[in-house]
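J.: Build me a model:
(chains A and B)
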Amino acid sequence: MKFQLNTLLAVALFATMAFVTSCSDDDDADPALYDRLGGIDAISAVTDKFLANVAADSRINGRFEATVAEPARLQLLRNNLIDQICQAAGGPCAYKGKTMAEAHAGMNITADEFNALVEDLVAALDFYDVPENEKSDLLGILGPLQSDIVGK
Amino acid sequence: MMFAFAGLLTYANLRQASPTERIEPVQLSSFVFDKSLSNTERTQLENAVMTLEGITAFTISKEGNSASAVYRMSQLTEGDLAAFIGRTASRHASVKDLQASGTGCPVHAVGAAFGRMLTTLDFRN
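T.: Sure thing, here's the model as predicted:
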């Protein structure tokens, strides 16, 4: 009886140590960019600010006027943008829109227009004081899309 | 017809829905001022508008002669927003009539309407 109790205590102690150790390992792991950005609410806020920036930007707002003028199309654009950022940042979203190449085929977007869009996105990130690391990580993920968008 | 609807209903409730579908929809309106704002006036107006219940984003153009707002339609109307902006900025702020047709960002109306229908049929929302 005493032997069984000692064995049980030893197993419980070992299990506790293993649990604590594994939990410590989890704490050391880098959280996903999605969590570091602040989750879906933060991404949604940045996206809305980005849309307002674009709509107020005379360099490119003409490209988006027809879309933002209709509520259903605006919602889809907004949701697609949030999904795209959320998914790229490792979040629980699934982007279901067209690929960037398909979506921009035939539009002949110029490098200046693309740069203006990126400026508006950076301004939105700065408005919410997104830290430099997270900003760089996000722009690093979205930047390569330029080749699918410009001059197509 | 009923089978088609039943199929659509099943798909709407079994597909992988995105968390974004649960976010409250917003509206975007643009306003034009009869006179450009100074830098001080811009800051004052931006700060004031962002205190409104329902506003999610507000940006004044670099030229200071127009602004765009994103807001929840359940809490704010375009008319109320225009009136508030005009009063606060001491300017006449008219709603910019956005053209719903034309070339540009290819979010198509049919796709948008279908997506909205799926969200409505999804009982998980």
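
J.: quick one: contacts for B:Val95?
T.: B:29-31, B:78, B:82 (CB atoms under 8 Å, 6 or more residues apart in numbering or on different chains). For the C-beta atoms, the positions are set from N, CA and C on the backbone; glycine is no exception.

J.: Filter the residues you listed down to the ones in strands?
T.: Among these, the members falling in strands (DSSP state E) are B:29-31.

J.: In TSV, list these along with neighbour count and pLDDT.
T.: Putting the ones in strands among the contacts of B:Val95 into TSV (neighbours: other CB atoms under 10 Å in any protein chain shown; pLDDT from 0 to 100) gives the following:
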residue	neighbour count	pLDDT
B:Ser29	23	94
B:Ser30	23	94
B:Phe31	24	95
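
J.: Nearest to chain A among the residues you listed?
T.: B:Ser30 (5.7 Å; CB to the nearest CB).

J.: residue contacts, the spatially closest residue to the closest one that is not a sequence neighbour?
T.: Closest residue to B:Ser30 apart from its sequence neighbours, by CB to CB, 6 or more residues apart in numbering or on different chains: B:Lys96 at 3.9 Å. Applying CB under 8 Å, 6+ apart, we find B:Lys96 in contact with B:29-32, B:66.

J.: Out of these, which comes closest to B:Leu52?
T.: Distance to B:Leu52, by CB to CB, is smallest for B:Ser29 among these, at 12.7 Å.

J.: check contacts around that closest one.
T.: Applying CB under 8 Å, 6+ apart, the residues contacting B:Ser29 are B:68-69, B:71, B:78, B:81-82, B:95-96.

J.: coming back round to it: identify, from the contacts of B:Lys96, the entry nearest to A:Leu138.
T.: For the contacts of B:Lys96, with A:Leu138 as the reference and CB to CB as the criterion, the closest is B:Ser30, at 26.6 Å.

J.: okay but the closest one is in contact with B:Leu98, surely?
T.: Yes. Using CB atoms under 8 Å, B:Ser30 is in contact with B:Leu98, at 6.4 Å.

J.: residues near A:Glu119, how many?
T.: 15 (other CB atoms under 10 Å in any protein chain shown).

J.: typo on my end, it should be A:Asn108
T.: 10.

J.: What separation do you get for it and B:Thr10?
T.: Distance, A:Asn108 to B:Thr10, using CB to CB, to the nearest Å: 42 Å.

J.: do the same with A:Tyr128
T.: 40 Å.

J.: Also A:Thr47?
T.: 31 Å.

J.: quick one: which of these two has more around it?
T.: A:Thr47 (28 against 11).

J.: what kind of secondary structure is that one in?
T.: helix (DSSP: H, G, I helix; E, B strand; the rest coil).

J.: what residues are up against it?
T.: For A:Thr47, counting by CB under 8 Å, 6+ apart, the contacting residues are A:78, A:81-82, A:85, A:124.

J.: out of those, who's near chain B?
T.: A:78, A:82 (CB under 8 Å from any CB of the partner chain).

J.: Type out the PyMOL command that picks the buried ones from the contacts of A:Thr47.
T.: Burial among the contacts of A:Thr47 is assessed by 16 or more other CB atoms under 10 Å in any protein chain shown; the matching PyMOL selection reads:
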select buried, chain A and resi 78+81+82+85+124
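
J.: Which ones among the contacts of A:Thr47 map onto strands?
T.: Using DSSP E, none of the contacts of A:Thr47 sit in strands.

J.: and which of the contacts of A:Thr47 is nearest chain B?
T.: A:Ile82 (4.6 Å).

J.: Check the contact between the closest one and B:Val26; I expect there is one.
T.: No. Applying CB under 8 Å as the test, A:Ile82 and B:Val26 come out as separate, 11.2 Å apart.

J.: so which helix or strand takes in the closest residue to A:Asp57 other than its chain neighbours?
T.: With CB to CB, 6+ apart as the criterion, A:Asp57 has its nearest non-adjacent residue at 5.7 Å, and that residue is A:Asp120. Per DSSP states H and E: A:Asp120 is located in helix A:111-127.
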